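**Student:** Predicted model follows, preceded by the sequence.
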Amino acid sequence: MKEVKKLISEKQVKHVANLAKLEFAEEEISSFTNTLDRIIEMFEQLDEVDTTDVPFTSNVVNDINVLREDVPVKGMDRELLMKNVPEKENGFIKLPAVLEDGGDA
């Protein structure tokens, strides 16, 4: 039986999951590794397409730099906004720390 070369390893999948702060069971890691490997294979097939005479396109829409007029508008009422906030401190919305060593937010 011919051995299939893996394009991504379980170690790499675990590393990316850790960076994204995701936790998966071992059987899920194996499944994700296989799925990601198939996705990478599909992208590599694009290298086989001959694009010699295909003009470069970076935008499929003809509109370039469509800007709106910069007009100041009144923001949301602060009292109304803070009414729905679960936790606040000194007039600001308080959020949990997102960094491991971030301490209190």
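**Tutor:** Here it is on my side, so go on. Numbers count the residues shown, from 1 in each chain.

**Student:** now the helix or strand where Arg38 lies, how far from the centre of its chain.
**Tutor:** Per DSSP states H and E, Arg38 falls inside helix 26-45. The gap between where helix 26-45 is centred and where its chain is centred comes out at 17 Å by C-alpha atoms, centre = their mean, to the nearest Å.

**Student:** For the residue nearest the centre of the chain, give me the pLDDT.
**Tutor:** With the centre of the chain defined as its mean C-alpha position, the nearest residue by C-alpha atoms, centre = their mean is Ala20, 9.0 Å away. Reported pLDDT at Ala20 in the predicted model: 93.

**Student:** Can you give the contact residues for stretch 76-93?
**Tutor:** 94-95 (C-beta atoms under 8 Å, 6 or more residues apart in numbering). To be clear about C-beta, it is placed using only N, CA and C from the backbone, and glycine gets the same treatment.

**Student:** What mean pLDDT does it get?
**Tutor:** Rounded mean pLDDT across stretch 76-93 is 89.

**Student:** Any idea how far apart the tips of that stretch sit?
**Tutor:** 14 Å (C-alpha to C-alpha, to the nearest Å).

**Student:** Low-confidence bits of this protein, can you list those?
**Tutor:** Low-confidence segments of the chain (pLDDT under 70): 1-4, 59, 101-105.
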